[in-house]
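Engineer: using only what follows, build the 3D model:
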Amino acid sequence: MSRVRHPVGPFPDTGPEFTNRCAAGTADHVASWREMLREHFVALDVTDTDDGGFDGEVLSTLVGHLSVAVVSSAPQTCVRTPGLARRDTEAYFQVGMMSQGTAVLSQDGREAHLGPGAFAVYETDRPFSWHFDEPWQLLVLTWPRELVNLGADVSRAATARALGGDRLGAIVGHALAETVTSPPEVTPEGGRRLAGQLAALLGTAVGESLRHGDVLSPRSAQDLRRRVEGYVAEHLEDPALGPEDIARAHFISVRALHRVFADADLTVGALIRRRRLEHARRQLLDPRAADLSLTRIAHDCGFADLASFSRRFKLEYDEPPGTYRRRAGLRPAH
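Structural biologist: Now for the predicted structure:
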């Protein structure tokens with residue numbers, strides 16, 4: 001059996017920088033490798049695509065709550081199946097940066113083709129896969145998901161997108177790579193701060209990448225519309241909710257947001273108005289809300305005042321909200 005070994009950078013093979021080192025054994029090598037990946041990262045299904053032999057190595061350590069690792073192995077495919085994702089109670093936010101070889105990362109309907117120096121983010125609570133068709137080395141950074149201050153909408157939009165190709169990406173990539181290959185000796189508190197600062201720096205690169213990504217595939221546009229609709233439903237009470245706020249929350253330009261809704265039944269503004277009025281209508285028909293005044297309902301649905309709410313409601317439902325409520329048999333509130 002041939003053995004594929006790769007240099008892992010400027011750090012020494014032993015010493016305090018990397019506390020865990022292990023290599024897959026020759027007996028039942030794929031099973032050993034699968035177990036090693038589970039211990040260091042998460043459970044993955046692994047398929048060996050190299051008939052000539054198999055070997056692998058993981059070097060890892062902690063920087064605060066951030067786990068950094070250098071992983072090298074033979075050609076293979078690693079899959080995080082839906083079943084494996086469901087069985088894990090912990091969720092992680094990860095970055096994979098190619099150091100040697102090439103790879104394809106897939107998640108959330110996208111594929112990132114990565115060469116040396118390129119990196120991409122992915123999350124372990126959903127299926128993903130890595131495919132390596134040649135010997136490779138990957139730098140992996142892993143944060144507990146709850147300690148990364150990046151909204152779920154943003155991170156889901158950012159997964160499996162190649163980063164590192166522009167100046168900002170190169171700066172962030174350099175900081176990430178240096179942390180992995182030459183982890184600093186810091187106090188526990190310093191390690192936690194550094195881990196948080198790296199996550200924030202990565203979030204900046206992710207956000208800028210999405211904000212400038214005005215061209216979306218039809219599937220991505222459809223997915224974004226669904227996420228925007230969910231965001232609108234969760235923020236109806238905010239009177240400032242509008243296209244600018246939504247675009248900012250999803251790290252895209254307002255122009256890109258309007259383009260995504262160009263072939264939808266409703267524009268972004270019309271969607272907000274429709275959902276607010278539907279929410280108000282449900283409140284008016286709900287016996288549990290019979291004691292709420294029309295002014296309170298208007299404010300709860302994001303309208304600036306009762307007059308604008310009444311005007312919009314009458315245009316949509318052909319009668320004022322008070323009349324609508326009385327016709328439903330509920331006691332009007334004042």
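Engineer: show me where the protein has strands.
Structural biologist: Counting by DSSP state E, the chain has strands at residues 20-23, 45-48, 56-63, 66-73, 76-80, 92-100, 103-107, 110-114, 119-123, 128-132, 136-144.
Engineer: mind giving me the domain split of this protein?
Structural biologist: 20-211, 218-327 (automatic domain parsing).
Engineer: comparing those, which comes out most buried?
Structural biologist: domain 20-211 (a mean of 18; mean count of other Cβ atoms under 10 Å). Heads up, the C-betas are built off the backbone N, CA and C, glycines and all.
Engineer: tell me how far it is from the chain's mean position?
Structural biologist: Distance of domain 20-211 from its chain centroid, counting by Cα atoms, centre = their mean, to the nearest Å, is 13 Å.
Engineer: show me where the protein dips below the pLDDT cut-off.
Structural biologist: The chain contains residues with pLDDT under 70 at 1-28, 49-53, 211-220, 329-334.
Engineer: for stretch 159-172, C-alpha coordinates in CSV please.
Structural biologist: What follows is stretch 159-172, C-alpha atoms only, in CSV (Å, rounded to 0.1, in the frame of the first residue of the first chain):
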residue,chain,number,x,y,z
THR,A,159,-21.9,28.8,2.6
ALA,A,160,-20.0,27.1,-0.3
ARG,A,161,-18.9,30.4,-1.9
ALA,A,162,-15.3,30.7,-2.8
LEU,A,163,-13.6,33.5,-0.9
GLY,A,164,-10.0,34.9,-1.0
GLY,A,165,-10.0,36.2,-4.5
ASP,A,166,-10.1,39.9,-3.8
ARG,A,167,-8.0,42.2,-1.6
LEU,A,168,-10.2,41.9,1.5
GLY,A,169,-10.5,38.2,1.1
ALA,A,170,-6.7,37.9,0.8
ILE,A,171,-6.2,39.9,4.0
VAL,A,172,-8.7,37.8,5.9
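Engineer: show the end-to-end separation of stretch 70-86, please.
Structural biologist: End-to-end span of stretch 70-86 (Cα to Cα, to the nearest Å): 26 Å.
Engineer: which other helices and strands contact the longest helix along the chain?
Structural biologist: In the chain, with assignment by DSSP state H, the single longest helix is helix 188-211. Judged by 3 or more Cβ pairs under 8 Å, 6 or more residues apart in numbering; DSSP states H and E, the packing partners of helix 188-211 are strand 56-63, strand 66-73, strand 136-144, helix 152-158, helix 167-181.
Engineer: and these as CSV, adding distance to residue 44?
Structural biologist: CSV is the format used below for the helices and strands packed on helix 188-211 (distance: least, Cβ to Cβ, whole Å):
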stretch, distance to residue 44
strand 56-63, 12
strand 66-73, 11
strand 136-144, 12
helix 152-158, 20
helix 167-181, 20
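Engineer: returning to that earlier point: list the contacts of the longest helix of the chain.
Structural biologist: Outside helix 188-211, the residues that touch it by Cβ atoms under 8 Å, 6 or more residues apart in numbering are 62-66, 93, 95, 121, 141, 143, 147-150, 154-155, 157-158, 161, 163, 166, 168-169, 172, 175-176, 179, 184, 186, 250-253.
Engineer: before we move on, what about stretch 73-81?
Structural biologist: For stretch 73-81, the surrounding residues in contact (Cβ under 8 Å, 6+ apart) are 4, 24, 33, 37, 42-50, 53-57, 124, 126-136.
Engineer: what about the closest residue to residue 172 other than its chain neighbours, distance to residue 328?
Structural biologist: Closest residue to residue 172 apart from its sequence neighbours, by Cβ to Cβ, 6 or more residues apart in numbering: residue 205 at 4.2 Å. Per Cβ to Cβ, to the nearest Å, residue 205 is found 52 Å from residue 328.
Engineer: and for the residue most central in space within the chain, nearest residue in space, chain neighbours not counted?
Structural biologist: Geometric centre of the chain, nearest residue: residue 155, 1.9 Å, by Cα atoms, centre = their mean. Distance criterion Cβ to Cβ, 6+ apart; nearest residue to residue 155, sequence neighbours excluded, is residue 123 at 6.2 Å.
Engineer: just to check, the one you found is in contact with residue 95?
Structural biologist: No - with contact defined as Cβ atoms under 8 Å, residue 123 does not count as touching residue 95 (10.7 Å).
Engineer: of all the helices and strands packed on helix 188-211, which lies closest to residue 257?
Structural biologist: For residue 257, the closest of the helices and strands packed on helix 188-211 is helix 152-158, at 12.3 Å, according to Cβ to Cβ.
Engineer: let's see the closest one as PDB, backbone CA atoms only.
Structural biologist: C-alpha atoms of helix 152-158 as PDB (Å, rounded to 0.1, in the frame of the first residue of the first chain):
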ATOM      1  CA  ALA A 152     -28.600  32.500  10.200                       C
ATOM      2  CA  ASP A 153     -29.800  34.100   7.000                       C
ATOM      3  CA  VAL A 154     -26.400  35.500   6.200                       C
ATOM      4  CA  SER A 155     -24.500  32.400   7.000                       C
ATOM      5  CA  ARG A 156     -26.900  30.200   5.000                       C
ATOM      6  CA  ALA A 157     -26.400  32.600   2.000                       C
ATOM      7  CA  ALA A 158     -22.600  32.500   2.500                       C
END
